[in-house]
Structures are given as C-alpha cells and as structure tokens.
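Novice: Okay, sequence plus prediction incoming.
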Amino acid sequence: MVSRVIPVDTFDLVIFGGTGDLARRKILPGLFRRFLSGQMPSDSRVIGAARSELDSNGYRQMISDAIAEFGGDEKSDKDGLAAFLARLEYVTVDAKGENGWSELAKLMRKDIVKAFYFSVGPSLFGDLAERLHKHKIADANSRIVVEKPFGRDLETAQALNETLAAHFEEGQIYRIDHYLGKETVQNLMAVRFGNVLFEPLWNNHYVDHIQITVAETVGVGGRGAYYDRAGAMRDMVQNHLMQLLCLIAMEPPSQFGADEVRDEKLKVISELETVDAHHIVRGQYNAGGDGDSYRVDAENPRSFTESFIAMKCHISNWRWSGVPFYLRTGKRMKARTSEIAVVFKELGHSIFDGDSGTHQNILAIRLQPNEGIDMQVTIKEPGPGGMRLVDVPLDMSFAEALGDADIEVADAYERLIMDVIRGNQTLFMRGDEVEAAWRWTDPLIAGWEGRSDVPKLYDAGSAGPEDAMMLMHRDNRKWREVKG
Ligand code: NAD
C-alpha cells in the first residue's frame, strides 16, 4: 500500500528557539521529511528565530548538521537536502527585548498561512505573544504552537492560558502533546470507532481493567534540574498518560472534529475520581548497570522526587464504574515500551472439562516499539490430548500489515506540524482540558508533599518498585511484562 500525501497550503513557519535541542532533533528533521514527501509546498519557508547571532547561511549549516546527526535514511538525498535548506531563513531575535523583531516583520509574507512554534521555555510565551502582536507579525489567521510543560500546576497553567488569550483566540493556539501525534494513538480511535467489534464490549460489563504503561530505559540525563522540580507525575502522567486514558475511555464523539473529540476527553478528565494515597506508588531508581542513581543524576542528594509512579484510578460514569485504570510510568526501567492493554473479564463458566486455567482476552495497543495492535485470544492447544486451551496473540504490526517498504509513517512531530498548517486542532490539547488535568493532579501531589512521602527505591533495569507489583497483586491482577 502506498501512502497518500496531501500537500498543505504554502506557509511561513517561524520557530522561536530554532537553534535549540527540540528544533534540531525533531522539528527540522521532521520538516525535511515532509518536504521530501511533497507535503510541504516548495515555496514554503521555515524561519529559525533565536538568540544566537547567526545569519541564514550559518543556520542552514546548523540544520544540515542536525539532519546528518538526527535524520533517517532520507539524509542521503543530497539534492533534496539542498532544496530544503534553501527554504530556511534565520533571524536573531530576543524574546525579552526589541532586537530582531522589525527584521522578522519584514521577512514575513502576506496572504499565506503563518505559524509560530514556541520551542522555548514557557517563561517566554507571554513575551513572544505580546511582541508578535505589537509588531503586527501575527494576524487573526496565524497559529501558535506551544510546547510542554504547560504550567506546573493549575495556577500556572491558568496564568499561561490567560497570557496567550490576551493576544490569540483559542482556535489559534496549538498545545502540543506529541503522544497524540503517534500513528497508533490515532489508530486507537480508528479501532474503537471504525469497527463494530469492540464498542459493545467497551464497558464495565466486559472489561476487567485497563493498564497503561510508559516505560523508559533512560534516566533523567541532562534534564536533571528541570525533572527534579517536576517528577513523573507532572512530566508524564498529567499530560501523556492522561491523554491516552482519555482516548481509551471517552464516549464516541459525534464526529472526528476538534471540539467534538476534546469535549469528550474533557468529560473523562472531569469524571476521574481522586486517587486514594494507598493506590499511588512513587519510586526512585538506584544506581545500576553503568548508570548512577536518580539522586546523583538529578544532583540532589536529598531529593524526594519520583522517577517512577504507578497508580490505580477510577472514572465515575456508567461505562467505567468499577473498572480500575492502572497507570505506570518510569525511567531507567527494564525496557523502552509504551502500551495500553484492555484486559477483558474471564468467562463466567468454562464448558471444557479439565480446563483449570484462567483465560482473558487482552487487546494491547503498542505505541513503541513496533507500533501495532495485539489481541490475545484463547484457542485449542494443537495436537492430540483433548481440549487443552492456550492463549495466543493475534498480532498485527502496522509496518508488516501495511507493507513496510511503501508505507510512510510520519513521526509524531511532523504529523502535528502539518495539522497546524491545515488548521486542524483535533490532536492538540484545549486550554480547559489542560486545566482539568491539573485540577485532578494538584491535590494528589499536595497529598504526598503534605505527608513527606519518600519514594520507594527500585533497581535500575527493573519493572519498578516491589510496591507497584503489590498494587496489582492485592487486586489479584498483575502488570503485563515490561518488554521492548
Ligand atoms: P533548548 O534550551 O535546547 O533551546 C532553547 C532555545 O530558546 C534556543 O534556541 C535559544 O536560543 C532560545 N532562546 C532562549 N532564550 C531566548 C530569548 N530570550 N529570545 C529568543 N530565543 C531564546 O531547549 P529545548 O530542549 O529545545 O526545548 C524547547 C522547549 O520545548 C521547552 O519548552 C521544552 O520544555 C520543550 N520540550 C523539549 C523537548 C526536547 O526533547 N528537547 C521535549 C518536549 C518539550
């Protein structure tokens, strides 16, 4: 199957923070792939804007180096690369001062899509929004893209929303959560709402529980100072895991439109019950392998910040009442994997003599590695010896099923940037959604801070602290194996 690429309208995309890590590692290599695929019209431009004193040629060299380092096979296309680099410009701009703004204003073209990617720390969002207006660079049709973290609690998120709202309408603001740009996340919606098979079972009559795991093998690395102020709850649960939970639990929207989908996600967040302290396990990794302990990595020998968290949540509505949602995420774990598993209930009665096993259908949606869907079904064990039952996977790897050679699976960032240019906000978080997520998160954090809770230590390279296993064992359930 050959993928269909629909070109977007001609655009000028300004990347504030265009010399930063995210721009060099993800945004520009992604745009290069969209350029090669023909999706980015050849008269579009990408304008890097940052504090570094560079000219456009210097910026082209920087991005050429970044693509050589972070790009995939496409970097061998020298002609393509030269054509892409020719579409780059650079302006030295100070978000906090007047330097560079009139040059940027002069560079922008009229009557095309204008997008501004705020790939800088959130403390600069207000300055950028204000100056884009003051210098009449943005208009009513312009879009801004803002990166995570969107606040560190409800109060700061509300303040950020107000700051942006002073200059931009909600319909112009694209709050990025790159998990929503993953192919499988969108497939989750296709599987749920495009098949007759699953929806009748998608409720507390048939679902025993749901597990969401996002495990990383890396530690906090160079982000130690930021991470130590955030922890796994703020860095991962409030945004990425919450978004996955919403997509799995939400009611079918009336159509696949931005507000219809986001209205349904907002309802799920608002219906999340507060979590009992006994249903939260926080962990911190020990030194192990060739890595240091969390406290060494974070350069804080007295840190109580969690690098791992597991929790049992409930959603109070008719569909999900009584169905636990177990969430788990951590660093320096056994394998790098992200997965959502819908574990169905056991059969009430087995008709097969001697079948003493417990069999549960499991629908596992793998986000990484090897994006795909895996359905565990029970069949007869082959061979003579009567009706012995065995659970086997019906595995569908998207790459295999759709023909690896021809299908082009866009990276989350490139897909989302193209959505910005198209003006499609479906896969971006709305302001009220982000605030609702913090409204749920804040009291949980305040709870463990108030108790001076100390995270449980876990071995680097493990599946997390023993207490996280107990969280499941107490309910006669078990986590799925963390495997890459
Ligand atoms: P970075 O520190 O590598 O880059 C920051 C950029 O901002 C640089 O280009 C710098 O020149 C520019 N900048 C700083 N102060 C400026 C000013 N006063 N005026 C103009 N430009 C200024 O940061 P990063 O890792 O690229 O992250 C950028 C944003 O993306 C942050 O909000 C971060 O939280 C978010 N983010 C990054 C990643 C990642 O993988 N790097 C992942 C998710 C979210």
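Specialist: Right, received. Where do you want to start? Everything numeric here is computed off the predicted structure, so don't read it as measured data.

Novice: Now do the contacts for the residue in the stretch 251-400 of the chain that the ligand sits nearest to.
Specialist: Nearest to the ligand, among the residues of the stretch 251-400 of the chain, is residue 331, at 14.3 Å (CB to the nearest ligand atom). All C-beta spots, glycine's among them, are computed from the backbone N, C-alpha and C. Neighbouring residues of residue 331 by CB atoms under 8 Å, 6 or more residues apart in numbering: 216, 218, 219, 220, 232, 285, 294, 307, 308.

Novice: between the residues you listed, which is nearest residue 127?
Specialist: residue 220 (28.0 Å; CB to CB).

Novice: Apart from its chain neighbours, what residue comes closest to residue 367?
Specialist: Among residues not flanking residue 367 along the chain, residue 338 sits closest, at 3.8 Å (CB to CB, 6 or more residues apart in numbering).

Novice: Which strands border the helix or strand hosting that neighbour, and is each parallel or antiparallel?
Specialist: According to DSSP states H and E, residue 338 maps onto strand 337-344. Strand 337-344 pairs in its sheet with strand 207-215 (antiparallel), strand 362-368 (antiparallel), by DSSP bridges.

Novice: For the longest one, list the C-alpha coordinates in PDB.
Specialist: Taking Å, rounded to 0.1, in the frame of the first residue of the first chain, the C-alpha atoms of strand 207-215 are listed here in PDB:
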ATOM      1  CA  VAL A 207     -13.700  -5.000  30.700                       C
ATOM      2  CA  ASP A 208     -11.900  -6.200  33.900                       C
ATOM      3  CA  HIS A 209      -9.300  -3.400  33.900                       C
ATOM      4  CA  ILE A 210      -7.100  -1.300  31.800                       C
ATOM      5  CA  GLN A 211      -3.300  -0.900  32.100                       C
ATOM      6  CA  ILE A 212      -1.300   2.000  30.600                       C
ATOM      7  CA  THR A 213       2.500   1.700  30.800                       C
ATOM      8  CA  VAL A 214       5.100   4.100  29.500                       C
ATOM      9  CA  ALA A 215       8.500   2.800  30.500                       C
END
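
Novice: so after it, what's the next helix or strand?
Specialist: Following strand 207-215 in sequence, per DSSP H and E, is helix 224-232.

Novice: Give me the contacts around that next one.
Specialist: In contact with helix 224-232 (CB under 8 Å, 6+ apart) are residues 149, 152, 220, 235, 282, 297-300, 303, 305-309, 329-331.

Novice: try 7 Å this time
Specialist: 149, 152, 220, 235, 297-300, 303, 305-309, 329-330 (CB atoms under 7 Å, 6 or more residues apart in numbering).

Novice: Is it correct that residue 108 is in contact with residue 136?
Specialist: No. When contacts are counted by CB atoms under 7 Å, residue 108 is not listed as touching residue 136 (9.4 Å).

Novice: okay, the two: which has more neighbours?
Specialist: residue 108 (18 against 9; other CB atoms under 10 Å).

Novice: thinking again about what came up before, just name the most buried of the strands paired with strand 337-344.
Specialist: With neighbours taken as mean count of other CB atoms under 10 Å, these reach their highest mean count in strand 207-215, at a mean of 22.

Novice: Which positions in the longest helix seen in the chain come out as buried?
Specialist: Secondary structure assigned by DSSP state H gives helix 431-450 as the longest helix of the chain. Of the residues in helix 431-450, 431-442, 444-445, 448 count as buried by neighbour count, 16 or more other CB atoms under 10 Å.

Novice: Strands of the stretch 301-450 of the chain, start to end?
Specialist: Along the stretch 301-450 of the chain, the stretches classed as strands by DSSP state E, counting those that start in this stretch are 308-313, 325-330, 337-344, 362-368, 372-380, 389-397.

Novice: So what's the residue count around residue 286?
Specialist: 17.

Novice: check contacts around it.
Specialist: 293, 457, 458, 459, 460 are the contacts of residue 286 under CB under 7 Å, 6+ apart.

Novice: returning to what we had before: number of residues surrounding the nearest residue in space to the residue of the stretch 251-400 of the chain closest to the ligand that is not next to it in sequence?
Specialist: Closest residue in space to residue 331, ignoring its immediate chain neighbours: residue 307 at 4.6 Å, by CB to CB, 6+ apart. Neighbouring residues of residue 307 were enumerated by other CB under 10 Å; the total is 31.

Novice: So residue 307 sits against residue 285, correct?
Specialist: Yes. Applying CB under 7 Å as the test, residue 307 and residue 285 come out as touching, 5.3 Å apart.

Novice: Need the residues touching each of those two.
Specialist: Joint contacts of residue 307 and residue 285 (CB under 7 Å, 6+ apart) are 294, 331, 332.

Novice: Just the closest of the residues you listed to residue 427, please.
Specialist: Nearest to residue 427 among the shared contacts of residue 307 and residue 285, with distances taken as CB to CB, is residue 331, at 25.6 Å.

Novice: List the contacts of residue 304.
Specialist: 454, 455 are the contacts of residue 304 under CB under 7 Å, 6+ apart.

Novice: where does it fall, phi/psi-wise?
Specialist: The phi/psi pair for residue 304 (degrees, to the nearest 10) reads phi -110, psi 20.

Novice: With residue 244 as the reference, measure out to it.
Specialist: Separation of residue 304 from residue 244 (CB to CB, to the nearest Å): 27 Å.

Novice: Show me which residues of the stretch 1-150 of the chain sit near the ligand.
Specialist: Within the stretch 1-150 of the chain, the positions near the ligand by CB under 6 Å from any ligand atom are 16-23, 50-52, 93-96, 119-122, 124, 147-149.

Novice: Separate out the buried members of these.
Specialist: Buried among these by 16+ other CB under 10 Å: 16-20, 22-23, 50-51, 93, 95, 119-120, 122, 147-149.

Novice: Make TSV out of the shared contacts of residue 307 and residue 285 and add distance to residue 29 and pLDDT.
Specialist: Below are the shared contacts of residue 307 and residue 285 laid out as TSV (distance: CB to CB, whole Å; pLDDT from 0 to 100):
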residue	distance to residue 29	pLDDT
294	30	96
331	24	97
332	27	96
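
Novice: Just name the closest of these to residue 141, please.
Specialist: Scanning the shared contacts of residue 307 and residue 285 for proximity to residue 141, where the rule is CB to CB, the winner is residue 331, at 40.9 Å.

Novice: ok and the residue in the stretch 301-450 of the chain nearest the ligand?
Specialist: For the stretch 301-450 of the chain, CB to the nearest ligand atom, closest residue to the ligand: residue 413, 9.5 Å.
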